[in-house]
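> Using only what follows, build the 3D model:
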Amino acid sequence: MMQVLLGILLHAIGASCAALCYVPQKKTPGWSWQTYWLAQAAVCWLLLPIIGAFITIPHLADVLREAPTSAMTNSFLLGMAYGIGGTAFGMAIRYVGFSLTYAIAVGISCVLGTLLPPMLAGTLSDILHKNGAGFIMSGIAIGAAGIAFCGIAGRFKEINLSKQISAGPKTFNLAIGLPLCLLAGVLSAVYGISLAQGKPIADVAAKYGAGDFQGNVIYLFSNTGAFVTTLIYCLYLHWKNKTFKEYKEVPLPLKSKRVGGVVGVASQHSRELPQQVITEIVEENIRHNRGTGFYFLMSALTGVLWYAQFFFYGLGHQHMGSYKFTSWAIHMIMLVLFSTVAGLAMKEWAPCNRKTINVLALALTLLVLAVLVLTYGNYVGGES
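Residues are numbered from 1 along each chain as shown. Down below sits the predicted model:
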């Protein structure tokens, strides 16, 4: 039981990092989406995977030489697909808002990213006949329901605050946003499959003494794959909108300027901020003489937190016993749980009516219950 609890704790640390990783973006309203996104992606999807593998994987060159080429290729290509999913996520926000995008995309990712790896490996049927399997499947279902209710509560919140939020209902378009959400959910789930496909690489790292850090070698391929597709799209947006200069000098956003960047792409956080808040942030940046250095620091912080989520994910994954495949569901459920709790702590839900708060309370209850049920299922499976 202690091993499972340790795994859950490590997953909780990773999910907490994920829940907070985009908070620094709120401090950078002067950058377009593609500028910030590429800067943080360079840290979390390129720089840190290389550094992390170099530090934690003994005899890294030998590991890469012995690792199966097919595993490295599959992990990289699936990582590229995940990068497309992240872009679709950002675009969907423009049309259906952050909360619905989060609920639909993360909900799909939670279920598919958990069940597809054992299904593709042909082991799902055997897993379903093991002790504790009923708790595992129930936990996944409860978690998906909790994520859905978080999305409903979030949509109610957006309606409550529609007069204050620049990306309010006037831009709502379900016909465009829903397909983007579905695409984002499916391709985001691919990241979990990418990690599963990279397991043979981790097995070689374990042979060389990587221990619980063996999963870090997979990020060399899954994360760099995501970086390639992100780089291509961001460079295209830079060329189209002539925003390369933002890396040298931060433009001051005017009230008439679209917050968060360019047509077709929305910043995940700044588009949801009231104009008054954006003005206060800009004035604060001017007052403290915050230029490109500060913006790069905020993007680096986002990158570090994003990478940290999967650094701890890999550590927690090693302690989940017979049902290691549930790591993805546990991570996604905790991510939504902690993101919502962080929003409550920052008083983002304070102006909402009782109906919204009641739905939110139900969502949080379901998310906590899902984690408890999944934890118990892993414990029972480990005892068998």
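> Pull the distance from stretch 219-230 to the chain's centre.
Averaging C-alpha positions (Cα atoms, centre = their mean, to the nearest Å) puts stretch 219-230 14 Å from its chain's average.
> got the CA coordinates for it in CSV?
The C-alpha coordinates for stretch 219-230 follow below in CSV (Å, rounded to 0.1, in the frame of the first residue of the first chain):
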residue,chain,number,x,y,z
TYR,A,219,11.0,12.5,-23.1
LEU,A,220,14.0,12.9,-25.5
PHE,A,221,11.7,11.6,-28.2
SER,A,222,8.1,12.4,-27.2
ASN,A,223,8.8,16.0,-26.2
THR,A,224,11.1,16.8,-29.1
GLY,A,225,8.5,15.5,-31.4
ALA,A,226,6.0,17.9,-29.9
PHE,A,227,8.5,20.7,-30.2
VAL,A,228,9.0,20.1,-34.0
THR,A,229,5.3,20.6,-34.8
THR,A,230,5.0,23.5,-32.4
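> State the mean pLDDT of it.
For stretch 219-230, mean pLDDT is 94.
> ok, now stretch 233-250?
Mean predicted confidence for stretch 233-250 is 90.
> Now that stretch: buried residues?
Residues of stretch 233-250 classed as buried: Tyr233, Cys234, Leu237, His238, Asn241, Thr243, Glu246, Val250 (neighbour count, 16 or more other Cβ atoms under 10 Å). Where you see a C-beta, it was placed from the backbone N, CA and C, and this is true even at glycine.
> which of the residues you listed lies closest to Glu158?
Using Cβ to Cβ, Leu237 comes nearest to Glu158 of the buried residues of stretch 233-250, at 25.4 Å.
> Leaving out chain neighbours, which residue sits closest to the closest one?
The shortest distance from Leu237 to any non-neighbouring residue, by Cβ to Cβ, 6 or more residues apart in numbering, is to Gln34 (3.9 Å).
> wait, that neighbour sits on Lys240?
No - applying Cβ atoms under 8 Å as the test, Gln34 and Lys240 come out as separate, 9.2 Å apart.
> so how far is Tyr208 from Gly132?
Distance, Gly132 to Tyr208, by Cβ to Cβ, to the nearest Å: 33 Å.
> In terms of neighbours, single out the busier of the two.
Gly132 (22 against 16; other Cβ atoms under 10 Å).
> What residues does the more buried one make contact with?
Ser322, Tyr323, Tyr376, Gly377, Asn378, Tyr379, Val380, Gly381, Ser384 (Cβ atoms under 8 Å, 6 or more residues apart in numbering).
> tell me the pLDDT at it?
86.
> Might you report the residue contacts of the nearest residue to it once chain neighbours are set aside?
Nearest residue to Gly132, sequence neighbours excluded (Cβ to Cβ, 6+ apart): Val380, at 3.2 Å. Residues near Val380 by Cβ under 8 Å, 6+ apart: Asn131, Gly132, Phe135.
> what helix or strand does the last one sit in?
Per DSSP states H and E: Phe135 is located in helix 133-160.
> what's the answer for the first one, then?
Taking DSSP H and E as the criterion, Asn131 maps to no regular element, lying outside all helices and strands.
> That one is in contact with Gly381, isn't it?
Yes - in this structure, Asn131 is within contact of Gly381 by Cβ under 8 Å, at 5.9 Å.
> Which one's more surrounded, the two?
Gly381 (22 against 13).
> so the more buried one is in which element?
Using DSSP H and E, Gly381 maps to helix 354-383.
> pLDDT (mean, whole number) over that helix?
Computed over helix 354-383, the average pLDDT equals 90.
> ok and it relative to helix 133-160, angle-wise?
160 degrees (axes from the mean of the first three to the mean of the last three Cα atoms, to 10 degrees).
> Now do the buried residues in helix 354-383.
For helix 354-383, burial by neighbour count (16+ other Cβ under 10 Å) applies to 356-357, 359-360, 362-364, 366-367, 369-371, 373-382.
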